[in-house]
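Enquirer: here is a sequence together with a model predicted from it:
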Amino acid sequence: MENIFKNKLYKLFKKDARLWDKERKEFNETLLKDLIDKLDKKLIELLLGNKDTKEKFFVKIKDVYVLKQNELKFFIDENKLDNSYTQYQNKIGLRVGNKLLSERSEVVLDWPFKDCVLEGGMTKEDQKRNEIFFNEVLAKDEIDRLEDPKAFVNWERCTAKGKKKVKELKRDKDGTIKENLIIKGNNLLALHSLKEQFTGKIKLIYIDPPYNIGKDDFGYNDNFNHSTWLTFMKNRLEIAKDLLHNSGSIFAQIDDVEYGYLKVLMDWIFGRENYITTITVKSKTPSGVGQESVIFDITERIIVYAKNKEKLSTNNIRIFDEIVNENSKTVGNYNMLLESYGTENFVKELQTGKGKPVKVYTLKDFNYTKTPKSKRTKDWAYKNYKKIFRLSPANGGLMKKITPQLPNNACCIEYIPEKGKYANKKIKVYFFNKDMVVMLSETSIKNDKEKQIEKVVNVHNNWTEESLWQGIASEGGVKLKNGKKPEALIKRILDIATNDDDLVLDYHAGSGTTCAVAHKMNRQWIGIEQLDYSENNPEVRMERVVGGDKTGISKSINWKGGGDFIYVELAKWNEKAKEKILKARSLKELKKLFNELYERYFLNYNIKTEGFKEKTIEEEGFKKLGLVKQKKLFVEMLDMNQMYVNFSERADKKYNLSKDDIALSEKFYNSK
């Protein structure tokens, strides 16, 4: 009876076109559960319209029918509405303990997506087709050599004069590699390959990881969920922490879908005591286009952690607040023009307890004039920039303590602060009638190009100015609509967290924005990317940068080009096999490929290959799985420990690595 009801339910769900992919011939169980959680109106109407499902999965309360969500999901799990794929997983032995490999989430090796961008330079027709990728999962007890350093191939040095053969690797005095690097390959494995050479040496890590926003076409993957995404992030953040310098920091950009989850995960990995802040960035305008939310989503978050907050080293930068003109909030306060401070006469010395004494001077001939608001224009501010001031009450700290002891009228104090940006330097602070004199030049900058004064404030965590995103479309010659961040945004992060020659890492490099900005700002950098974005690849963008790219921040920092970088790839092995599987266009091609997989590549130790090609692959049930699930089974047969060539096996003739690649890999690891 249960099987009869199951079949009826299956046929009922097939009436909902959303749950049945005709091209792939698949039932989307993941989407079904999501619709149940959301109490989807169309799904509930479908279930209520059937007498049997209405009776089994609803409870009547007065005149209202309430869906028993957990009971329905439990029935789906227990009876597996479309269990043909599971049958074949079991048949070839894709099982560890009591769980199938696809159900395990301890280590997620591969997530080949970034902001919905699958391939660079796709035509509109290309965008319509389903891209086939799988995120491989490996249980901890199966990991043996997964995290071993990998061999590198296809080395190229890119300079403003063109590409050159790599002969040597530059190193600094302590032996650290001093090269800018673009590494192509799985970023988890690439990070572990960096560990030996770069542990504790990276000053800043910026990442813009996959947002898990439900647009990455994972409908076929029953194992895709928040926990898988978090595992994916966890694997990489743990090794990233090891790579950070003790005075370094990590900036992770994310949207609201996974922000809360990522924040808790980073609390766990980096320690709550090392949390710095969360920056809110305005990334869109509330135009309403493409948004269905009642409250438009126009922001993203950047979560900031220190490796060790007590040793954190950052710069006290100031950021744009407003243009000083007759309509600005600033001009209402800055209303005085200073003609002269006059002469200083020492009057007394104040004791401040633990701090150093403060000397007090009176001022003779302190001359100033007040300017009416009608005349405090943009031109007035520009013309009188160094003379404009306002009065500010002393509200705290040392200033509040000594103000009552100051003489009336004009005076100044001289002292040496023990903390802050002026620590251990002798400074003067001026007062008038016991209020501090604050010069406009102390809180603003002069923009001679625009002939205006721009008010600046201490950097904070609310970056809502639209100027950060202006002109992003043309930056770097990159056309990826959602696959890049603005150079101005990354520049601000580098200004805060780094100085010249510091090492910057982005292991979700995408189109290479972080690499481009770091290069222009004279930082050493490493970018890791797995996907092929064609003409939008990071190495293509970086060739433009060393050649003198004029976009992004180039004009503001007078970038003329120069420098170089090395492009290099992780040496593929089973990864090659996976790529061949994903390119197959039919079951016939997969069948032809099986012998090569069996004879040349590493298959999972527990699969049963006997009779697979002759019997299993010929069964009607296997053929009905559809090409996507057939490919998925083939990929799951591969040993995930062997996706790339381990450095320790570089000389094995099976891998056919060139002498140059072997020699350069040895130089990278400082090994013979």
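Expert: Alright, I've got the coordinates.

Enquirer: so where's the stretch 101-250 of the chain shaky on pLDDT?
Expert: Residues of the stretch 101-250 of the chain meeting the criterion pLDDT under 70: 101-106, 110-135, 137, 139-141, 212-227.

Enquirer: now do the strands in it.
Expert: 107-108, 137-138, 152-159, 162-164, 181-184, 202-207, 244-254 (DSSP state E, counting those that start in this stretch).

Enquirer: list the buried residues of stretch 654-663.
Expert: Under the neighbour-count criterion of 16 or more other Cβ atoms under 10 Å, stretch 654-663 has 655, 657, 661-662 buried. All C-beta atoms are positioned from the backbone trio N, CA, C, and that covers glycine.

Enquirer: what about that stretch, start to end distance?
Expert: 17 Å (Cα to Cα, to the nearest Å).

Enquirer: same check, this time on stretch 167-184
Expert: 19 Å.

Enquirer: buried stuff in it?
Expert: For stretch 167-184, by 16+ other Cβ under 10 Å, it's 169, 177, 179-184.

Enquirer: likewise for stretch 457-470?
Expert: So stretch 457-470, judged by 16+ other Cβ under 10 Å, has buried residues 459, 463, 468-469.

Enquirer: redo the residues you listed as a markdown table? Include pLDDT, secondary structure and distance to Asn670.
Expert: Converted to a markdown table, these look like this (pLDDT from 0 to 100; DSSP: H, G, I helix; E, B strand; the rest coil; distance: Cβ to Cβ, whole Å):
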| residue | pLDDT | secondary structure | distance to Asn670 |
| --- | --- | --- | --- |
| Val459 | 94 | coil | 39 |
| Trp463 | 95 | strand | 41 |
| Leu468 | 86 | helix | 41 |
| Trp469 | 84 | coil | 42 |
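
Enquirer: quick one: average pLDDT of stretch 411-430?
Expert: Mean per-residue pLDDT for stretch 411-430: 87.

Enquirer: who touches it?
Expert: Contact partners of stretch 411-430, identified using Cβ atoms under 8 Å, 6 or more residues apart in numbering, comprise 316, 341, 344, 347, 350, 352, 355-363, 398-399, 402, 406, 410, 431, 436-437.

Enquirer: keep only those of the residues you listed that are in helices.
Expert: 398-399, 402 (DSSP state H).

Enquirer: list just the nearest of those residues to Asp63.
Expert: In terms of Cβ to Cβ, no member of these lies closer to Asp63 than Met399, at 69.9 Å.

Enquirer: verify the stated contact: the closest one with Met436.
Expert: Yes. With contact defined as Cβ atoms under 8 Å, Met399 counts as touching Met436 (6.6 Å).

Enquirer: one step back: need the strands of the stretch 101-250 of the chain in TSV with distance to Ala488, can you?
Expert: Below are the strands of the stretch 101-250 of the chain laid out as TSV (distance: least, Cβ to Cβ, whole Å):
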stretch	distance to Ala488
strand 107-108	33
strand 137-138	38
strand 152-159	25
strand 162-164	30
strand 181-184	22
strand 202-207	14
strand 244-254	14
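
Enquirer: for the residue positioned nearest the centre of the chain, which non-adjacent residue is closest in space?
Expert: Centroid-nearest residue in the chain, with Cα atoms, centre = their mean: Asp208, separated by 1.5 Å. Excluding the flanking residues, the one nearest Asp208 by Cβ to Cβ, 6 or more residues apart in numbering is Gln253, at 4.7 Å.

Enquirer: that neighbour touches Val304, doesn't it?
Expert: No. Gln253 is beyond contact range of Val304, at 10.2 Å (criterion: Cβ under 8 Å).

Enquirer: hmm, back to that, how far away is the residue nearest to the centre of the chain from Asp255?
Expert: 11 Å (Cβ to Cβ, to the nearest Å).

Enquirer: would you list every one of the strands in the stretch 501-650 of the chain?
Expert: Taking DSSP E, counting those that start in this stretch to define them, one finds strands in the stretch 501-650 of the chain at 503-506, 524-529, 564-570.

Enquirer: mean neighbour count, mean pLDDT and distance to Thr371 for those strands - can I get that in JSON lines?
Expert: Below are the strands of the stretch 501-650 of the chain laid out as JSON lines (neighbours: other Cβ atoms under 10 Å; pLDDT from 0 to 100; distance: least, Cβ to Cβ, whole Å):
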{"stretch": "strand 503-506", "mean neighbour count": "27", "mean pLDDT": "98", "distance to Thr371": "46"}
{"stretch": "strand 524-529", "mean neighbour count": "27", "mean pLDDT": "97", "distance to Thr371": "48"}
{"stretch": "strand 564-570", "mean neighbour count": "22", "mean pLDDT": "98", "distance to Thr371": "53"}
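
Enquirer: put together JSON lines for those strands, with distance to Gly477 on each row.
Expert: Output for the strands of the stretch 501-650 of the chain, formatted as JSON lines (distance: least, Cβ to Cβ, whole Å):
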{"stretch": "strand 503-506", "distance to Gly477": "18"}
{"stretch": "strand 524-529", "distance to Gly477": "16"}
{"stretch": "strand 564-570", "distance to Gly477": "17"}
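
Enquirer: one step back: residue contacts, the residue nearest to Asp208?
Expert: For Gln253, the contact set (Cβ under 8 Å, 6+ apart) comprises 206-209, 281, 300-303, 485.

Enquirer: in the chain, which helix or strand is least confident?
Expert: Every helix and strand in the chain was compared by mean pLDDT, DSSP states H and E; the lowest is helix 124-128, with a mean of 38.

Enquirer: just checking, Phe431 touches Gln405?
Expert: No. Here Phe431 lies out of contact with Gln405, judged by Cβ under 8 Å, at a distance of 11.1 Å.

Enquirer: follow-up on the earlier one: export the contacts of Gln253 to JSON lines and tack on distance to Ser511?
Expert: Listed next are the contacts of Gln253 as JSON lines, based on distance: Cβ to Cβ, whole Å:
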{"residue": "Tyr206", "distance to Ser511": "14"}
{"residue": "Ile207", "distance to Ser511": "14"}
{"residue": "Asp208", "distance to Ser511": "10"}
{"residue": "Pro209", "distance to Ser511": "14"}
{"residue": "Val281", "distance to Ser511": "18"}
{"residue": "Glu300", "distance to Ser511": "17"}
{"residue": "Arg301", "distance to Ser511": "21"}
{"residue": "Ile302", "distance to Ser511": "18"}
{"residue": "Ile303", "distance to Ser511": "22"}
{"residue": "Lys485", "distance to Ser511": "9"}
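
Enquirer: distance between the ends of stretch 330-337?
Expert: 15 Å.

Enquirer: which residue sits closest to Leu47 in space, ignoring its chain neighbours?
Expert: Closest to Leu47 by Cβ to Cβ, 6+ apart is Thr53, at 4.6 Å.

Enquirer: same check, this time on Arg585
Expert: In space, Arg585 is closest to Leu627, 7.9 Å off (Cβ to Cβ, 6+ apart).

Enquirer: the one you found reaches Leu587, doesn't it?
Expert: Yes. If you go by Cβ under 8 Å, Leu627 and Leu587 touch, sitting 6.6 Å apart.

Enquirer: where do the strands sit along the stretch 251-400 of the chain?
Expert: Using DSSP E, counting those that start in this stretch, strands in the stretch 251-400 of the chain cover 275-282, 299-306, 318-323, 336-340, 343-350, 358-364, 367-370, 388-392.

Enquirer: the second one vs strand 202-207, what angle?
Expert: I take that to be strand 299-306. 160 degrees (axes from the mean of the first three to the mean of the last three Cα atoms, to 10 degrees).

Enquirer: likewise for the fifth one?
Expert: Per the same axes, to 10 degrees, the angle that strand 343-350 makes with strand 202-207 is 100 degrees.

Enquirer: can you list the strands that strand 343-350 pairs with?
Expert: strand 358-364 (antiparallel) (DSSP bridges).

Enquirer: can you tell me which of the buried residues of stretch 654-663 is closest to Val568?
Expert: Asp661 (9.1 Å).

Enquirer: for the closest one, helix, strand, or coil?
Expert: helix (DSSP: H, G, I helix; E, B strand; the rest coil).

Enquirer: any idea how far it lies from Lys164?
Expert: Counting by Cβ to Cβ, the gap from Asp661 to Lys164 is 16 Å.
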